[in-house]
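Asks: Okay, here's the prediction I keep looking at, along with the sequence it came from:
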Amino acid sequence: MAISKFLIASLLLSLLVLHSVEAGFMELRTTITGAKNTPPKKIDCGGACVARCRLSSRPNLCKRACGTCCARCNCVPPGTSGNLNVCPCYANMTTHGNRRKCP
């Protein structure tokens, strides 16, 4: 009986030490690389798409397509057209007919 209590206590202590060491390495990695375990910030797709589609001849269609692309890519290229190299995900999205989806 005493051996099993000792074994359980040793196991719990080992797990506690292992967890502490792992947490220390994660903190060290964050300090060295500057990386944090936070997801990237979501952009305001509505505002970005209004700016992107302000000169469009079909603004409602443009905003709807832009909103879909923005939600998937979390990115909208600056300006009213072009600049697709800034957001490759946005630029590479196509419709079923292989036409560019995002305005």
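Replies: Cool, got the structure.
Asks: mind showing which ranges of the protein have poor pLDDT?
Replies: Confidence mapping of the chain against pLDDT under 70 gives the ranges 1-2, 12-13, 15-21, 23-39.
Asks: mind listing the helices for this protein?
Replies: Secondary structure of the chain (DSSP state H): helices at 2-33, 45-52, 59-73, 88-92.
Asks: Run through the neighbouring helices and strands of the second one.
Replies: What it means is helix 45-52. Judged by 3 or more C-beta pairs under 8 Å, 6 or more residues apart in numbering; DSSP states H and E, the packing partners of helix 45-52 are helix 59-73. Any C-beta I mention is one placed from the backbone N, CA and C, and that applies to glycine too.
Asks: With the shortest one instead?
Replies: Secondary structure elements in contact with helix 88-92, counted by 3+ C-beta pairs under 8 Å, 6+ apart, are helix 59-73.
Asks: May I see the buried residues of the helix it packs on?
Replies: By neighbour count with 16 or more other C-beta atoms under 10 Å, helix 59-73 contains the buried residues 62-63, 65-67, 69-70, 73.
Asks: would you turn those into a markdown table with distance to residue 53?
Replies: Shown next, in a markdown table, are the buried residues of helix 59-73 (distance: C-beta to C-beta, whole Å):
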| residue | distance to residue 53 |
| --- | --- |
| 62 | 4 |
| 63 | 5 |
| 65 | 9 |
| 66 | 6 |
| 67 | 10 |
| 69 | 11 |
| 70 | 11 |
| 73 | 16 |
